[in-house]
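Trainee: need coordinates for the below:
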Amino acid sequence: MVTGNIKVVHYCSVWLEITQTWLYNQVKYLPANIENHIVSRSTRNLDQFTLEHIHALKSDEFANYILYKALSLISIKNGNIKFFKRKLAEIKPDVIHSHFGNNGWKVRDTVKEYGAPHFVTFYGQDVSKLPQDNPVWLTRYKDLFNAPRTHFLCEGPYMVNSLIKLGCPADKVNVHHLGIEVDKIDFQPRKWHAGEPLRVLIAASFREKKGIPYALEALGRISKDMPLAITIIGDAGKTKEGMAEKKRILETIRKYKLEPLTRMLGYQPQQVLWQEAATHHLFLSTSVSASNGDTEGGAPLSIIEMAAGGMPIVSSFHCDIPEVIAHGKTGWLAVERDVDDIIRCIYQWVEHPENWASMLTAGRQHIEENYNAVIQGEILAKRYRESLSTH
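Mentor: Numbering: from 1, shown residues only. Next up is the predicted model:
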């Protein structure tokens, strides 16, 4: 296997959306002998996601960025690829890693011409929603899957199987778990005493796949029998889908008269999320397959983080969530959209407080062993080196 320092170019459209901490951790925690370069169209939130080598068309070549935007209006969109090609010639990476399958397809010919191993990680929408929205991606992905020296990664076995169903050869795709900063997350196993309000936290963007109305309906029905305090962190953004989902969420809150019990904090930085999590008993994250084909693909990072912190979790049998939460052992999972089942899962926690300590400890151990960003960084670096040794 190749040893010593190697250079890796990570390609993505934007570095980095505020909800993509998982991608930042993936790059940040690669070992010191991996020299990382980010190549993107533009940058956002650099106060939270800064790294040493970030190359963005918008900041490096602003005139070309304006030209790219103008040409995009008439469906000519190769300006960003030309920038990518120039950066490959300048950086001379040993490995190229495209994040999101559609980005991998966009640069496939350039990578083939350059000749380095190409890793493409799929994360969710690129597997489920994109091919359903536009079937042309079924053909495009088959082209990508057949590209030489190309390796595919997904965060769990459900998404691996989804990729195989799209035509990816089984021997070219592997599971690579997302990593979190486990050592920075204090393990504080929660305790709850009968009679006190059950403090429930929901934290997600307002999108159909997050299943928030089902969670709120379950809480609305439970609120008749026990005291609750609900906190919702997240919002809709500016999309029509998000605004429609926000309407459903607010309607559910009104229907069950949850307004006095519910705090809606909007989007908040990670620090605020952790401050709120420390004061809550239960994390509710009931993801579903959306009507437009959108899914989690893998599992929400928030579930991984909350399990590491000692929070009881109720989630769903959706995509790779069962890879993170072992039903009945480290948490409880409900059938998608089944409000009765969500209620049953909540009562599994409420009616058996004697099980909290052992289940939460087992959950923390599972995250330490399988979702530690440092360990996952070592594994990814090994994959890079093996790809260089086999060609």
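
Trainee: may I ask which helix or strand of this structure has the lowest mean pLDDT?
Mentor: helix 62-72 (a mean of 65; mean pLDDT, DSSP states H and E).

Trainee: tell me the mean pLDDT over the next helix or strand after it?
Mentor: Downstream of helix 62-72, the next assigned helix or strand under DSSP states H and E is helix 79-91. Mean pLDDT, computed over helix 79-91, is 91.

Trainee: how far does helix 79-91 sit from the chain's center?
Mentor: Averaging C-alpha coordinates over helix 79-91 and over its chain gives two centres that are 27 Å apart (C-alpha atoms, centre = their mean, to the nearest Å).

Trainee: ditto for stretch 52-59
Mentor: Worked out by C-alpha atoms, centre = their mean, stretch 52-59 lies 23 Å from the chain centre.

Trainee: list the buried residues for that stretch?
Mentor: 54-58 (16 or more other C-beta atoms under 10 Å). Every residue, glycine included, has its C-beta placed from N, CA and C.

Trainee: nearest to residue 24, of these?
Mentor: Nearest to residue 24, judged by C-beta to C-beta, of the buried residues of stretch 52-59 is residue 54 at 11.4 Å.

Trainee: tell me the SS of the closest residue to that closest one other than its chain neighbours?
Mentor: Nearest residue to residue 54, sequence neighbours excluded (C-beta to C-beta, 6 or more residues apart in numbering): residue 38, at 4.5 Å. Three-state call for residue 38 (DSSP: H, G, I helix; E, B strand; the rest coil): strand.

Trainee: quick one: contacts for residue 38?
Mentor: 9-10, 12, 15, 27, 51, 53-56 (C-beta atoms under 8 Å, 6 or more residues apart in numbering).

Trainee: switch to 10 Å and redo it
Mentor: Neighbour list for residue 38: 8-12, 15-16, 23-24, 27, 49, 51-56, 87, 99 [criterion: C-beta atoms under 10 Å, 6 or more residues apart in numbering].

Trainee: do the same with residue 284
Mentor: Residue 284 neighbours (C-beta under 10 Å, 6+ apart): 200-204, 211-212, 214-216, 218-219, 230, 232, 312-315, 334, 342, 345-346.

Trainee: only the buried subset of the residues you listed, as a ChimeraX command please.
Mentor: In ChimeraX, a selection of the buried entries from the contacts of residue 284 looks like this (16+ other C-beta under 10 Å):
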select :200,201,202,203,204,211,212,214,215,216,218,219,230,232,312,313,314,315,334,342,345,346
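
Trainee: so which of the contacts of residue 284 sit within helices?
Mentor: For the contacts of residue 284, the ones inside helices are 212, 214-216, 218-219, 342, 345-346, with DSSP state H as the criterion.

Trainee: return the member of those nearest to residue 384.
Mentor: So of those, ranked by how close each gets to residue 384 (C-beta to C-beta), first place is residue 212, at 38.0 Å.

Trainee: could you find the closest non-adjacent residue to the closest one?
Mentor: residue 249 (5.3 Å).

Trainee: and the one you found, how many neighbours does it have?
Mentor: Residue 249: 23 surrounding residues under other C-beta atoms under 10 Å.

Trainee: pLDDT below threshold where in the stretch 1-150 of the chain?
Mentor: Low-confidence regions of the stretch 1-150 of the chain, defined by pLDDT under 70, span residues 63, 65, 67-79.

Trainee: how would you label residue 171: helix, strand or coil?
Mentor: helix.

Trainee: repeat that for the one 3 residues further on.
Mentor: Using three-state DSSP, the structure places residue 174 in strand.

Trainee: and for it, the neighbour number?
Mentor: With other C-beta under 10 Å as criterion, residue 174 counts 13.

Trainee: and the pLDDT at residue 269?
Mentor: At residue 269, pLDDT is 85.

Trainee: show me the contacts for it.
Mentor: Residue 269 touches 18, 45, 47-48, 275, counting by C-beta under 10 Å, 6+ apart.

Trainee: considering these, which possesses the most neighbours?
Mentor: residue 45 leads those on contacts (other C-beta under 10 Å) with 17 neighbours.

Trainee: chain neighbours aside, what residue packs nearest to that one?
Mentor: Nearest to residue 45 is residue 18, by C-beta to C-beta, 6+ apart, at 5.3 Å.

Trainee: got a list of what that neighbour touches?
Mentor: Residue 18 neighbours (C-beta under 10 Å, 6+ apart): 44-45, 48-49, 205, 267, 269-270.

Trainee: for burial, what's the neighbour tally of residue 291?
Mentor: 9.

Trainee: would you list every one of the strands in the stretch 251-391 of the chain?
Mentor: 262-266, 282-284, 313-316, 332-334 (DSSP state E, counting those that start in this stretch).

Trainee: pLDDT averaged over the third one, what's the number?
Mentor: What it means is strand 313-316. Strand 313-316 comes out at a mean pLDDT of 98.

Trainee: now swap in the last one and tell me
Mentor: Over the span of strand 332-334, the pLDDT mean works out to 98.

Trainee: which neighbouring elements make contact with it?
Mentor: helix 212-222, strand 313-316, helix 321-324, helix 339-350 (3 or more C-beta pairs under 10 Å, 6 or more residues apart in numbering; DSSP states H and E).

Trainee: still on that earlier bit, just the closest of the contacts of residue 18 to residue 241, please.
Mentor: residue 205 (10.1 Å).

Trainee: okay but that closest one is in contact with residue 267, surely?
Mentor: Yes. The pair residue 205 and residue 267 passes the contact test of C-beta atoms under 10 Å, sitting 8.2 Å apart.

Trainee: more crowded one of these two?
Mentor: residue 205 (19 against 16).

Trainee: residue contacts, the closest residue to that one other than its chain neighbours?
Mentor: Spatial nearest neighbour of residue 205, chain neighbours left out: residue 234 (5.3 Å); criterion: C-beta to C-beta, 6+ apart. For residue 234, the contact set (C-beta under 10 Å, 6+ apart) comprises 19, 202-207, 210, 212, 242, 246, 249, 264-268, 273, 302.
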